[in-house]
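Asker: Based on what follows, work out the 3D shape:
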Amino acid sequence: MSLSNAEEQLMQILWKQEKAFMKDLIEAYPEPRPATTTIATLLKRMQDKNFVNYVQYGRSREYFPLVRKKDYFSKQVNGMIKNFFNDSAAQFASFFTKETDLSQKELEDLKKLIDERLKSKK
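Answerer: Here you go, the predicted model:
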């Protein structure tokens, strides 16, 4: 299951803060900040999707992520490769390196990462 753009934006704030009360989450947004009801609705949907949970302190709830950022984005990238690049990492890499206008240094850094990964697989 994935997040909407608005949910993902809120999740990014929560991953950064690790745990937060509603007011902390709202304050992390740029102006104009969303309404409390909007954030409450997003949090409820994210809770239903098992992305967040909370601890109740009196009338306040402290929210925390149930999914790690790395795990979420790994799943998103793998899904994108499957859906848009015929499950071919090579097609994805070809598209990525051609369409993102990477510099010579960025391409060399990518090559170094791949070479290191190849070494660790042996």
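
Asker: how many other residues sit next to Ile39?
Answerer: When neighbours are counted by other Cβ atoms under 10 Å, Ile39 registers 20. Any C-beta I mention is one placed from the backbone N, CA and C, and that applies to glycine too.

Asker: Show me how this protein divides into domains.
Answerer: 5-65, 69-121 (automatic domain parsing).

Asker: With mean pLDDT as new columns, can the ones you listed be given to me in CSV?
Answerer: Converted to CSV, those look like this (pLDDT from 0 to 100):
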stretch, mean pLDDT
domain 5-65, 96
domain 69-121, 83
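
Asker: CA atoms of the longest helix anywhere in the chain as CSV?
Answerer: As assigned by DSSP state H, the longest helix anywhere in the chain is helix 104-121. The C-alpha trace of helix 104-121 is given here as CSV (Å, rounded to 0.1, in the frame of the first residue of the first chain):
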residue,chain,number,x,y,z
GLN,A,104,30.4,13.3,-15.1
LYS,A,105,31.2,13.1,-11.4
GLU,A,106,27.7,11.9,-10.5
LEU,A,107,28.0,9.1,-13.2
GLU,A,108,31.4,8.2,-11.9
ASP,A,109,30.0,8.0,-8.3
LEU,A,110,27.2,5.7,-9.6
LYS,A,111,29.7,3.5,-11.3
LYS,A,112,31.8,3.3,-8.1
LEU,A,113,28.7,2.3,-6.1
ILE,A,114,27.8,-0.4,-8.6
ASP,A,115,31.4,-1.7,-8.7
GLU,A,116,31.5,-1.8,-4.9
ARG,A,117,28.1,-3.7,-4.9
LEU,A,118,29.5,-6.2,-7.4
LYS,A,119,32.5,-6.8,-5.2
SER,A,120,30.4,-7.5,-2.2
LYS,A,121,28.3,-10.0,-4.2
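
Asker: Can you tell me how far Leu47 is from Met1?
Answerer: One thing to correct before we go on: residue 47 is Gln, not Leu. According to Cβ to Cβ, to the nearest Å, Gln47 and Met1 sit 12 Å apart.

Asker: of these two, who's got more company?
Answerer: Using other Cβ under 10 Å, the more surrounded residue of Gln47 and Met1 is Gln47, with 15 against 8.
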